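**Q** Show me the folded form of this:
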Amino acid sequence: MKKLLPFFAICSVLACQSPEVTQAVSLSTLVPQPVRIDIPVDGGTTTLDEPIRFTGMASADFAELEEWPQSDDGFPIVWKKEEGDAVTLQGYWLDIYADSIVILAASDAGVHAALTTLKQLVPTAHWPSQKGEKIRLGFALSLVHLEDEPAYAYRGMHLDVCRHFMPIEFIEKYIDNLALHKFNRFHWHLTEDQGWRIEIKKYPRLTEVGAWRSASQTGAYNDQRFDSTRHGGFYTQDEARHIVEYARRRGITVIPEIEMPGHSLAALAAYPELSCTGGSFEVAHGWGVFDDVYCAGNPEVYTFLEGVLDEVMDIFPSSLIHIGGDECPKTRWESCAKCQLEMARHKLRDEHELQSHFITRMERYLNSHGRNIIGWDEILEGGLAPNAAVMSWRGTAGGIQAASMKHEVVMTPGKPLYFDHYQYNPENEPVAIGGFNSLWDVYGFNPVAGVPEEYHAYILGAQANVWTEYMETSDHVEHMVQPRASALAEALWLGGKREGGDAAFLEALRSHILRLEVMGWNYARYEFEKEAGDEAQ
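**A** Residues are numbered from 1 along each chain as shown. A predicted model of the protein is given here:
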């Protein structure tokens, strides 16, 4: 504890505060809550009423700095890089003294986390109200020593922009919200039956044809009614690169998803020769699963997908590329001469092994370029590709199976981490795909529940998924995401609940939603509209 002595020595020096200074934010309102909070016995605050001088960090790598007014002779905020093992790779120590703020971190990830904590300690009345504005000075900060680190290395949020396209400005806003909660992975679902959303210059018809559909299903999932509105859009490669950089400067890695071999009808509408039947096809109007998929016996399919992945890898530096692998009907393969010949040539016993063959071939290609695949848990069927990571969505059993095979796993079970499911009484909610995942279901989620201890090391963390069949607007996405994303953020950071459990977390959320409001986030308000004194349910 030698490193703490200078901190406590200086805690008795308190900055004078004028009546106009806004009082310090309570440390109990931080979300996620830090692992350890040490407050000096005599308390105390310091006042930030002058511009900031950052040392050891620059805005090229830390977008958080741009919100602060700065001066060469301002109040010092210093990053001291930890060279030993006192701080974990994604962890940090934060010391707020009377005359300086010191961050101890071993990596950029730790600095991002520390700067996010510091931002949450700024009273929301002083936050920028729009991009380009600066934090307004003249507020107090509690003198404190924080030691903090995440329980899980992978803390992710997903967004489907295929069922309903979302503008680039909202993708930025979505990432801002992830950064506020110390998420570090953004899973961007870019291709589907209902739309192809990323420009591929070698195959222009993917966006000329595949990015647009002439109608969309409306009403409940089994209610086959359709509107007549053309819907679509896509991101240029320059826009996608912008998002990658935007996320990187906020401590977030973007993982792109290119679906294969199923959920590929938009691509087949553009290039029908890649199917088993030759087409023709339309970009899907409705939701669900479709029989027409990439032909696993056609060499041109692999050439096409390798060409797509070449451009995807050029845009996205992520070590993981998501290749889907879920919900692939075998109907066309069963009657396709090319697929059956491919099975015979490679002595594959059934179409499940054919899918494994398909995935393994694509894995080898990505591995040869220094990348690894991650896919939904169906990639376990027929045999798991040698280096594949698994996202377990059909419960956690697939993840446990993959971990037992010594493969890395991200838990993302539909119950409780599908945020397209209802979160409150359906009578009071917008139409959703079904299910029910409350705020408290999410807050209680434990990624290693039911996982034998010897396999815990293979559980990287967890992720919530946001499928947009019934989310036509960004406002609707926001409503479905928050405050459940806040709950997941804390569960993954702490590896459990804060002291005081649900009631303490709800009390923190009552303050935290003020941060969401300043960011213009349309969160679900049910839990906060209950009468005072109601307990968390």
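
**Q** Would you mind confirming that His145 makes contact with Leu94?
**A** Yes: the criterion here is CB atoms under 8 Å, and His145 meets it with Leu94 at 7.5 Å. Every C-beta, even on glycine, is put in place using the N, C-alpha and C of the backbone.

**Q** For His285, the count of nearby residues, please.
**A** His285: 17 surrounding residues under other CB atoms under 10 Å.

**Q** Is it within a helix or a strand, and which one?
**A** Using DSSP states H and E, His285 falls within no helix or strand.

**Q** In contact with the nearest residue to it once chain neighbours are set aside, which residues are there?
**A** Closest residue to His285 apart from its sequence neighbours, by CB to CB, 6 or more residues apart in numbering: Ala215 at 4.4 Å. Contacts for Ala215 (CB atoms under 8 Å, 6 or more residues apart in numbering) come out as Phe226, Asp227, Ser228, Thr229, Arg230, His231, His285.

**Q** Most neighbours among those residues, which one?
**A** In terms of neighbours by other CB under 10 Å, those top out with His231 at 19 neighbours.

**Q** Do I have it right that it meets Gln217?
**A** No: with contact defined as CB under 8 Å, His231 and Gln217 do not form a contacting pair (10.8 Å).

**Q** For the stretch 401-537 of the chain, just list every one of the helices.
**A** Using DSSP state H, counting those that start in this stretch, the helices found in the stretch 401-537 of the chain span residues 414-417, 439-443, 474-481, 484-494, 501-518.

**Q** Quick check: buried residues in stretch 145-165?
**A** Within stretch 145-165, the residues scored as buried using 16 or more other CB atoms under 10 Å are 145-165.

**Q** Which members of those are positioned in strands?
**A** Applying DSSP state E to the buried residues of stretch 145-165, the entries found in strands are His145, Leu146, Glu147, Asp148, Tyr154, Arg155, Gly156, Met157, His158, Leu159, Asp160.

**Q** so which of the helices of the stretch 401-537 of the chain is the most packed in?
**A** Mean neighbour counts were taken over the helices of the stretch 401-537 of the chain using mean count of other CB atoms under 10 Å, and the top value, a mean of 25, falls to helix 484-494.

**Q** Please compute how far that one lies from its chain's middle.
**A** The chain centroid and the centroid of helix 484-494 are separated by 12 Å under CA atoms, centre = their mean, to the nearest Å.

**Q** Check the gap between the nearest residue to Ser511 once chain neighbours are set aside and Glu490 for me.
**A** Nearest residue to Ser511 in three dimensions, chain neighbours excluded: Thr29, at 3.8 Å (CB to CB, 6+ apart). Distance check for Thr29 against Glu490: by CB to CB, to the nearest Å, it reads 12 Å.

**Q** residue ranges of the helices in the stretch 251-400 of the chain, please?
**A** In the stretch 251-400 of the chain, helices defined by DSSP H, counting those that start in this stretch lie at 265-270, 299-315, 331-334, 337-345, 351-367, 397-404, listed in chain order.

**Q** so how far is the first one from its chain's centroid?
**A** Relative to its chain's centre, helix 265-270 lies at 27 Å (CA atoms, centre = their mean).

**Q** Find the residue at the geometric middle of this structure.
**A** The chain has Met157 as the residue nearest its centroid, 2.2 Å off, counting by CA atoms, centre = their mean.

**Q** May I ask you to confirm that Tyr365 is in contact with Glu306?
**A** Yes: if you go by CB under 8 Å, Tyr365 and Glu306 touch, sitting 5.5 Å apart.

**Q** Spatially nearest residue to Leu274 (excluding sequence neighbours)?
**A** Excluding the flanking residues, the one nearest Leu274 by CB to CB, 6+ apart is Val301, at 5.1 Å.

**Q** Mind pulling up the pLDDT for that neighbour?
**A** Val301 carries a pLDDT value of 99.

**Q** Deepest-packed of the helices of the stretch 251-400 of the chain, please.
**A** Looking across the helices of the stretch 251-400 of the chain with neighbours counted as mean count of other CB under 10 Å, the highest average goes to helix 265-270: a mean of 26.

**Q** Just list what that one packs against, helices and strands only.
**A** strand 191-192, strand 195-196, helix 205-208 (3 or more CB pairs under 8 Å, 6 or more residues apart in numbering; DSSP states H and E).

**Q** hmm, who's touching it?
**A** Here helix 265-270 makes contact (CB under 8 Å, 6+ apart) with 162, 191-196, 203, 205-206, 208-211, 274-275, 279-284, 290, 292-294.

**Q** Produce a PyMOL select command limited to the buried residues of those residues.
**A** Here is the PyMOL selection string for the buried members of these, based on 16+ other CB under 10 Å:
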select buried, resi 162+191+192+193+194+195+196+203+206+209+210+211+274+275+281+283+284+290+292+293+294
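
**Q** what residues does stretch 194-204 touch?
**A** Stretch 194-204 is contacted from outside by 161-163, 165, 190-191, 206-207, 210-213, 216, 231-237, 240, 256, 258, 265-267, 270-271, 283-285, 287, 304, 307-308, 310-312, 315, using CB under 8 Å, 6+ apart.

**Q** what mean pLDDT does stretch 151-171 have?
**A** 99.
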